[in-house]
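Undergrad: coordinates only, sequence not included:
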């Protein structure tokens, strides 16, 4: 069996959301549902009467009424679901019914052609089989999306099948003979037990590794997609915290102070903004900004070198980091002067360095080559290299600005890592050789409400323009999870007549990974021309107000911050992949077994 590398496992974890999907709005599902019901009715009785009696009465009304009843029944017994999900569930169960009818039709035709005995099943029993089979789908879905307890799920599971049986009795009053009643009960029990067995097997991989139910966690993931700040988040964070480990987290801050107060703050905590939505470290910029909002309105939280192993387990752990950043900013002493920006290229590594007071802000990138996170070990080594070059305080930023599907980490010890560390050393040394007595700085921000699906988090796009010794530098920070290759270059080209230097950064905010498919870098779902024009407009706006500033930098550690820890990402990814593999195999086996037993029962009773 092939063993996944850390990079492959990391990619799998950031793509968790690709395993899930949002149910469409109810009105988008109703019409396809009615169409399937009519087709099913026509297959039972190919005539206009069949469309009415079976299509509308036996299939459509139970499907719609069952969807309407499933939600209150689930909620009443401690579960949780939504109308959009219950209507989608009715659609899925109707596909099951249609499949049974098609297979039965093929068997009937083949049997008639070949003259085989025992291949014709009465319409009443055929509809009973099709309706009973929906119990399997409904149990699996309700266990995955509402609650795990089969007895508490039973009323919502049986809502549609019982209505189907009832309307069948209205159409064919004589259908419920004792034998058919026994068949309907027996077949429903067979499909229910088969589904329960399937869900138990599906739970095992994550339960064995982490002691939790895989289907229960999927249910909370779905709830979080529907209600990001609901109880689903608490459950997910509780799960993350169950395997988290304490860590001393480095935090570096840089305040830009003018005579009027703090113009902007750059905060670089060495934790990772993952895994998705607003859980744990996700939406890190907004969570940190809330802790320091009283100091300045312009808070930039770029991505520190870190991976999913450094995900804070809960929102409370992120608050610890934010409070430490505020403490450092409030206590830091302002130092005048700075430097022009220096840039160094070593191999694929492209690094900038600029001094603010007695601190140096470093950005590290391998763009235009696609890469994912720079790991924490490389970041730590880069910080030491910068201090060896003469910097007192260092803020090392992973620019995180060029990503393609499947891109891996920059791992300590690799050539990319070595080149990056050397480029940091050269860039910092070069910046320190270009001192200037004063700096000017301006800030601007742009927010787009509800833009998570388009790849931008709550912090939108932020711009910091610095003027030093006649050189203007623009730092453009996008609150997203990396950037499609080539967009960084378009943005830098668009502002080159306004500033002499520019760098494009992303926060690696994983709130955008809640979008369908999980993979959602900046520029993947938003028009590039709009993003480029926005960036240029922000630079123009920042240039309108450029007061003289001094840098106030500090760094420290936050002890006992609970993060995922070494190899937890790999373990979680392996557990999820094992669950998916188990689902694929056991779903087919358990459903096939249920159908085999049901068909055998029909054959035996004649």
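TA: Here it is on my side, so go on. Model, not experiment: these values are computed from the prediction.

Undergrad: could you pull out the strands for the stretch 451-600 of the chain?
TA: For the stretch 451-600 of the chain, the strands defined by DSSP state E, counting those that start in this stretch cover 461-468, 471-478, 501-506, 548-563.

Undergrad: Determine which of these approaches residue 336 most closely.
TA: Closest to residue 336 of the strands of the stretch 451-600 of the chain, according to CB to CB: strand 548-563, at 4.9 Å. Using the backbone N, CA and C atoms, a C-beta is placed for each residue, glycine as well.

Undergrad: and the closest one with strand 461-468, angle?
TA: Calculated by axes from the mean of the first three to the mean of the last three CA atoms, to 10 degrees, strand 548-563 forms an angle of 140 degrees with strand 461-468.

Undergrad: what helices or strands is strand 548-563 leaning on?
TA: strand 245-258, strand 261-269, helix 315-331, strand 334-335, strand 349-356, strand 393-398, strand 439-446 (3 or more CB pairs under 8 Å, 6 or more residues apart in numbering; DSSP states H and E).

Undergrad: between it and strand 349-356, how big is the angle?
TA: Using the same axes, to 10 degrees: strand 548-563 against strand 349-356 is 120 degrees.

Undergrad: Any buried residues in strand 548-563, and which?
TA: By neighbour count on 16 or more other CB atoms under 10 Å, the buried set for strand 548-563 is 549, 550, 551, 552, 553, 554, 555, 556, 558, 561, 562, 563.

Undergrad: Just put those residues in CSV and tack on distance to residue 367 and pLDDT.
TA: CSV is the format used below for the buried residues of strand 548-563 (distance: CB to CB, whole Å; pLDDT from 0 to 100):
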residue, distance to residue 367, pLDDT
549, 28, 98
550, 31, 98
551, 26, 97
552, 30, 97
553, 26, 97
554, 30, 97
555, 26, 97
556, 31, 96
558, 30, 96
561, 30, 96
562, 33, 96
563, 27, 95
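
Undergrad: follow-up on the earlier one: could you dump the helices and strands packed on strand 548-563 into JSON lines with distance to residue 379 and mean pLDDT added?
TA: Shown next, in JSON lines, are those (distance: least, CB to CB, whole Å; pLDDT from 0 to 100):
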{"stretch": "strand 245-258", "distance to residue 379": "9", "mean pLDDT": "96"}
{"stretch": "strand 261-269", "distance to residue 379": "9", "mean pLDDT": "97"}
{"stretch": "helix 315-331", "distance to residue 379": "16", "mean pLDDT": "96"}
{"stretch": "strand 334-335", "distance to residue 379": "24", "mean pLDDT": "96"}
{"stretch": "strand 349-356", "distance to residue 379": "12", "mean pLDDT": "98"}
{"stretch": "strand 393-398", "distance to residue 379": "5", "mean pLDDT": "98"}
{"stretch": "strand 439-446", "distance to residue 379": "25", "mean pLDDT": "96"}
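
Undergrad: rewinding a little: what's the closest of the strands of the stretch 451-600 of the chain to residue 205?
TA: Closest of these to residue 205 is strand 548-563, at 23.2 Å (criterion: CB to CB).

Undergrad: roughly how far is the closest one from the heart of the chain?
TA: Chain-centre distance of strand 548-563: 28 Å, with CA atoms, centre = their mean, to the nearest Å.

Undergrad: Now do that strand against strand 439-446, angle only.
TA: Using the same axes, to 10 degrees: strand 548-563 against strand 439-446 is 60 degrees.

Undergrad: the inter-axis angle of strand 548-563 versus strand 245-258?
TA: 170 degrees.

Undergrad: Can you give me the distance of the nearest residue to residue 360 once chain neighbours are set aside to residue 602?
TA: Of all residues not flanking residue 360 in the chain, residue 391 sits nearest, at 4.1 Å (CB to CB, 6 or more residues apart in numbering). According to CB to CB, to the nearest Å, residue 391 stands 80 Å off from residue 602.

Undergrad: what about these two, which has more around it?
TA: Shown here are residue 391 and residue 602; by other CB atoms under 10 Å, residue 391 has more neighbours (24 against 18).

Undergrad: Are we agreed that the more buried one is in a strand?
TA: No: applying DSSP: H, G, I helix; E, B strand; the rest coil, one finds residue 391 to be coil, outside a strand.

Undergrad: Tell me if I'm right that it and residue 357 touch.
TA: No: taking CB atoms under 8 Å as the definition, residue 391 is not a contact partner of residue 357, at 11.0 Å.

Undergrad: that older thread, how about the strands of the stretch 451-600 of the chain in CSV, adding distance to residue 491?
TA: Formatted as CSV, the strands of the stretch 451-600 of the chain follow (distance: least, CB to CB, whole Å):
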stretch, distance to residue 491
strand 461-468, 10
strand 471-478, 6
strand 501-506, 5
strand 548-563, 24
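
Undergrad: Quick check: which of those is nearest to residue 268?
TA: The minimum distance between residue 268 and the strands of the stretch 451-600 of the chain falls on strand 548-563, with 8.9 Å, by CB to CB.

Undergrad: now the angle between strand 393-398 and that closest one, please.
TA: 70 degrees.

Undergrad: now strand 548-563 and helix 315-331, what's the angle there?
TA: Going by the same axes, to 10 degrees, strand 548-563 makes 150 degrees with helix 315-331.

Undergrad: hang on, the earlier thing: can you name the residues that contact the residue nearest to residue 360?
TA: Counting by CB atoms under 8 Å, 6 or more residues apart in numbering, residue 391 touches 355, 359, 360, 428, 432.

Undergrad: let's see it at 10 Å
TA: Going by CB atoms under 10 Å, 6 or more residues apart in numbering, residue 391 touches 353, 355, 358-362, 383, 385, 424, 428-429, 431-432, 553.

Undergrad: ranking those residues by neighbours, who comes first?
TA: With neighbours taken as other CB under 10 Å, the top of the contacts of residue 391 is residue 424, carrying 33 neighbours.

Undergrad: if I look at that one, how far off is residue 473?
TA: Separation of residue 424 from residue 473 (CB to CB): 17 Å.

Undergrad: do residue 48 as well
TA: Distance, residue 48 to residue 473, using CB to CB: 75 Å.

Undergrad: Compare neighbour counts for those two and give me the winner.
TA: With neighbours defined as other CB under 10 Å, residue 48 and residue 473 compare such that residue 473 has more, 20 against 10.

Undergrad: quick one: low-confidence parts of the protein?
TA: When residues are selected by pLDDT under 70, those of the chain lie in 1-23, 110-122, 213-214, 220, 225-232, 449-450, 515-518, 606.

Undergrad: Report the spatially nearest residue to residue 307, omitting neighbours in sequence.
TA: Sequence neighbours aside, residue 373 is the residue nearest to residue 307 in space, at 4.7 Å (criterion: CB to CB, 6+ apart).

Undergrad: so that neighbour touches residue 407, yeah?
TA: Yes: the criterion here is CB atoms under 10 Å, and residue 373 meets it with residue 407 at 9.4 Å.

Undergrad: between those two, who's got more neighbours?
TA: Neighbours per residue, other CB under 10 Å: of residue 373 and residue 407, the larger number sits with residue 373, 30 against 20.

Undergrad: Could you measure from residue 525 over to residue 143?
TA: Between residue 525 and residue 143 the computed distance is 33 Å (CB to CB).

Undergrad: any idea how far residue 590 lies from residue 188?
TA: Residue 590 sits 15 Å away from residue 188, going by CB to CB.

Undergrad: and what of residue 62?
TA: Counting by CB to CB, the gap from residue 62 to residue 188 is 14 Å.

Undergrad: got any residues that touch both of these two?
TA: Common neighbours of residue 62 and residue 188, using CB under 10 Å, 6+ apart, are 131, 134, 161, 162, 165.
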